[in-house]
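Student: Make a model of this:
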Amino acid sequence: MTLLKLSIIIPTHNRPDQLATTVARLRKQTLPANDYELLVIDDGSVPPVQLSGNLSSPSCRIIRLEGVERSTARNAGALVAKGQFLLFLDDDIGVNEDFLADHLRAQNEYPRALVVGAIHLPAENLQTPFGKFRQQLEQSSVPQNRGIVGMPNFCTAANMSINQELYFALGGFNTTLHSAEDQELALRHSACGGRIVFIPEADTVHHDHSLDIQSYCRRVEWGSANVLPFCHAWPDWPQNIERQRINGPLQLAYEPLNLSIRKISKSLLAQPILLKSLFQLTDWLEKTMPQSIALERLYRLLLGIHLQKGYRRGLKLHEKTQYKPTTPHTAKPRMLSDRNSFSPSLETVSKPNLFVVGAPKCGTTSMSDYLAQHPDVFMSPMKEPHFFGRDLQYDAGYIRDEHEYLALFRGARGQRIIGEASTWYLFSKQAAQEIKAFSPDARIIIMLRNPVDMIYSLHGQRLYDCNEDIADFAAALAAEESRRQGLLRPKAFQGALEVYLYREVGKYAEQVQRYLEVFGHERVHFITFEELMADTKKVFQGVCDFLGITSTVPIDFAVKNQMKKLRMPALGRFMRIPPKFARLIFRVAAPLSLRRKLYDRLWDLNVKVEKRPELEPNLARQLTTEFASDVKKLSQLLGRDLSQWMNG
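Tutor: Numbers count the residues shown, from 1 in each chain. Sure, this is the predicted structure:
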């Protein structure tokens, strides 16, 4: 096959207007149309991308993917590219008519170099105070002259070209990274003795939407939160050391006092009411004193606050996912003998295709642990991320950002089953539809239990977690009507109070029916807690059959999440919801790592494993009667006899 000279790879997601403008300009190049091709990588746009006009001169192809993120999208484009050189471009970049010719000329002038072009904001945006500041900030690290660059990480995937063979030899973009993936590629290239070349004549205009300080701060915070994998892959890179020094946890007595003060100040200013005031002050200065030095300092302060805020959020996510770097800069780059060895199915951060959706206190923790031991299964290291089911307005601590959610599955290494377990997906009215839209071929495991036992155990778990202020179970049931009206909210809980309507949580039939309607019987597997306790091995064999994986591997069937109680509930509540003054004192007095060790140790000392007293017989009989009709309906839905639940 005769190679074209250039393949232009443009990943896109839900930006049809910007993409259309970029493609239109790429069609009007001085480089002959038969020398290059356009590859648009549609990463799950709704509706799917369509290109108008002549798709043959130059050749234009659309490769449709589903939510694989930028690095995998670019790698997928490289796999089908026919050009001798690959040129990566963002979908909101405007180019001049000599743009492609300039890149091709530089590639011939500097063989096997990574060639980077210039990027500027539109002229109209440079008329605003923030536009001028942003342009100056982003151009501060850009070389002044054309030629070989001395910065080994200088690169932007928004305007970069590379020899195709060299790209595959380097291993392409690292798909475990969602931030700084272009810098990481440049570092690998430089580590092998490769050259990076800057060509200012390949100038582009970035038609970006982050044109004010607030939207730019949101982007900076996201980038800082997602940069941790890059930092761990290149821990000795000076910029990563500096990131950790400036934005990492407070290290009193182990770092300069002025640095500690800056960290504390940024943490305090990150509080919503203070942050809102800073943005309001910025807006006022932009209107009244646009040339003020104070305005630039305020811009830098706000960026610093969001950099630290994002970085620390990334540290928490790193702890949850137990991320392990896979491409340390001391290792040789992965060499690829041919394209077939460079498979997107192995490189992409896979979406989960198995969901253990509940109910709570029905053995989901144990099942998640058993599945995680199977070599063909990867389970999220974070139990109960609760990314789906937004109608329940989950309490703080659960994952809201899709990038953070997908990061839970970065550790997957080709396993057939990628899963997670979140117990409130079953109760949510929206989760089933949301999961189906996200992962259409997903399989569902639903674990159920005698509803009377389940809600009694759930109440006990909440007492242990300090998420329930009413210690008496009968009183908590009596409070349901008040909670339905938004009253008697537990102090430590900020989510939707529907999850405290214990009787509603225990009525499974409607919840199960939603999943059967959305996924069908063949994709939903049911387990009762009673069956799991009676013969765990047999139940797990049924799960393996449902998933199409072998059941002969050794599994430790130890019981997880046994019932626990607090020796001193008051101490537990103090630790769970400490007063603001105590929180501030601890933050100043001890570094984060020490605080966590002390917290975990004190919590463990305050815990004892103890079976909860039996439910009062009269209340048990009353609840059994209340659940009878729902259990009968559930039995009909599942085609199973559940009458033992009603027999006590």
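
Student: ok but A412 is inside a strand, no?
Tutor: No. Assessed with DSSP: H, G, I helix; E, B strand; the rest coil, A412 is coil; it does not lie in a strand.

Student: That one - how many residues pack around it?
Tutor: 21 (other C-beta atoms under 10 Å). C-beta: built from backbone N, CA, C; applies to glycine.

Student: And for V227?
Tutor: As a measure of burial, V227 has 23 neighbours, counting by other C-beta under 10 Å.

Student: give me phi/psi at it?
Tutor: phi -90, psi -10 (degrees, to the nearest 10).

Student: Touching, it and E242? I think so.
Tutor: No. Contact criterion C-beta atoms under 8 Å: V227 and E242 do not qualify, at 12.0 Å.

Student: So which bits of the helix or strand where G572 lies are buried?
Tutor: Following DSSP states H and E, the helix or strand that holds G572 is helix 569-576. Across helix 569-576, burial judged by 16 or more other C-beta atoms under 10 Å covers G572.

Student: CA atoms of that helix as CSV?
Tutor: Extracted C-alpha coordinates of helix 569-576, given in CSV (Å, rounded to 0.1, in the frame of the first residue of the first chain):
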residue,chain,number,x,y,z
PRO,A,569,-21.0,6.1,70.0
ALA,A,570,-20.3,9.6,71.2
LEU,A,571,-16.7,9.3,70.3
GLY,A,572,-17.7,7.9,66.9
ARG,A,573,-20.0,10.8,66.2
PHE,A,574,-17.2,13.3,67.3
MET,A,575,-14.8,11.7,64.9
ARG,A,576,-17.4,11.4,62.1
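
Student: any residues touching that helix, and which ones?
Tutor: 463-467, 471, 491-492, 566, 582, 599, 602-603, 606 (C-beta atoms under 8 Å, 6 or more residues apart in numbering).

Student: now do stretch 549-567
Tutor: In this structure, residues lying in contact with stretch 549-567 by C-beta under 8 Å, 6+ apart are 365-366, 369-370, 373-377, 416-417, 457, 460-461, 463-464, 466, 536-537, 540-541, 544-545, 572, 605-612.

Student: related to what we said a few turns ago, tell me the mean pLDDT over the helix holding G572?
Tutor: For helix 569-576, the per-residue pLDDT values average out at 73.

Student: Tell me where the longest strand sits in the protein.
Tutor: Secondary structure of the chain per DSSP state E: the longest strand is strand 196-206.

Student: quick one: buried residues of it?
Tutor: So for strand 196-206, counting by 16+ other C-beta under 10 Å, buried means 196-199, 202-206.

Student: thought C60 was touching A33?
Tutor: No. Counting by C-beta under 8 Å, C60 does not reach A33; the two are 10.3 Å apart.

Student: Looking at these two, which one has more neighbours?
Tutor: Higher neighbour count among C60 and A33: C60, with 18 against 14, using other C-beta under 10 Å.

Student: so that one sits in a strand?
Tutor: Yes. Applying three-state DSSP, one finds C60 inside a strand.

Student: Skipping adjacent residues, who's closest to it in space?
Tutor: L38 (4.5 Å; C-beta to C-beta, 6 or more residues apart in numbering).

Student: Could you count how many residues lie near that neighbour?
Tutor: 22.

Student: how about the helices of the stretch 451-600 of the chain, start to end?
Tutor: 451-465, 473-478, 480-484, 502-506, 508-519, 529-534, 536-547, 569-576, 580-589, 592-605 (DSSP state H, counting those that start in this stretch).

Student: buried ones in the first one?
Tutor: Spelled out, it's helix 451-465. 451-464.

Student: Over to stretch 236-255?
Tutor: Of the residues in stretch 236-255, 237, 240, 243, 247-251 count as buried by neighbour count, 16+ other C-beta under 10 Å.

Student: and what of stretch 508-522?
Tutor: Result for stretch 508-522 [16+ other C-beta under 10 Å]: buried residues 508-509, 511-512, 514-516, 518-519.

Student: so where is the stretch 501-648 of the chain shaky, pLDDT-wise?
Tutor: Residue ranges of the stretch 501-648 of the chain with pLDDT under 70: 560-563, 576, 580-596, 599, 648.

Student: Could you dump the helices of the stretch 451-600 of the chain into JSON lines with distance to L65 added?
Tutor: Shown next, in JSON lines, are these (distance: least, C-beta to C-beta, whole Å):
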{"stretch": "helix 451-465", "distance to L65": "40"}
{"stretch": "helix 473-478", "distance to L65": "48"}
{"stretch": "helix 480-484", "distance to L65": "44"}
{"stretch": "helix 502-506", "distance to L65": "38"}
{"stretch": "helix 508-519", "distance to L65": "23"}
{"stretch": "helix 529-534", "distance to L65": "38"}
{"stretch": "helix 536-547", "distance to L65": "25"}
{"stretch": "helix 569-576", "distance to L65": "43"}
{"stretch": "helix 580-589", "distance to L65": "43"}
{"stretch": "helix 592-605", "distance to L65": "38"}
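
Student: What's the local residue count around G147?
Tutor: Applying other C-beta under 10 Å, we find 13 residues neighbouring G147.

Student: May I have the residues that are in contact with it?
Tutor: 197-198.

Student: For it, give me the backbone phi and psi.
Tutor: Main-chain torsions, G147, degrees, to the nearest 10: phi 130, psi -160.

Student: bridging residues for it?
Tutor: F198 (DSSP bridges).
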